[in-house]
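attaching a predicted model along with its sequence, questions to come.
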Amino acid sequence: MTHAYLTYVPAFPKPSQMRRELPHVKVFPDGREVCQTRLDHPEGAEGRAEYKRRKEAMWERQKGICCLYGFLPECPGKLEIKLATFEHEDGRGGGKRDDRISLPDGTWINGVSHLQCNSAKGSKHIPFNRARNALAKRD
């Protein structure tokens, strides 16, 4: 014999009883993707791993060369993977951060750079991938 109070499941659970799906990569309606990298985020470890995987993929496609090489005179060019930082081509502020490494059509966006190059660039917009993509279309 079972008792009703032992099998009762509320129709509307309390917020603390609800299981929330927090993806480690948030996809926005406009297509932008943002890896959840915050330490206090439940999916932060997975988000940081994905962010690192994307950095490594960009480093490989750039053949170990800083994406800002040729745009900043102080850039040494060759980039070691352990020194690579994620360079957001269109910036990170104002709700426009995008952690994708390519668009659906295959166009490259973002890149990896030296920390000192990333810092020297600051908030200036340098279309390093647009220049590369334009040259690739001419060939």
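Nice, I can see it.

rest of the way, CA atoms for contacts and neighbours
Fine.

and the pLDDT for the residue nearest to Gln36 when sequence neighbours are not counted?
With sequence-adjacent residues excluded and distances taken as Cα to Cα, 6 or more residues apart in numbering, Gln36 is closest to Gly47, at 4.7 Å. Reading off the confidence values, Gly47 has pLDDT 88.

quick check: Gly47 touching Glu33?
No - the pair formed by Gly47 and Glu33 falls short of the contact definition of Cα atoms under 8 Å, at 11.2 Å.

the two: which is more packed in?
Gly47 (22 against 17; other Cα atoms under 10 Å).

in a helix, the more buried one, correct?
Yes - Gly47: assigned to a helix according to DSSP: H, G, I helix; E, B strand; the rest coil.

name all residues that make contact with it.
His24, Val25, Cys35, Gln36, Thr37 (Cα atoms under 8 Å, 6 or more residues apart in numbering).

need the residues touching each of Gly47 and Glu33.
Contacts common to Gly47 and Glu33, judged by Cα under 8 Å, 6+ apart, are Val25.

for the residue nearest to the spatial centre of the chain, helix, strand, or coil?
Nearest to the mean C-alpha position of the chain, by Cα atoms, centre = their mean, lies Asp99 at 2.5 Å. The assignment at Asp99 comes out as coil when based on three-state DSSP.

residues touching Pro23, list them.
Applying Cα under 8 Å, 6+ apart, the residues contacting Pro23 are Gln36, Glu43.

appreciated, that's everything.
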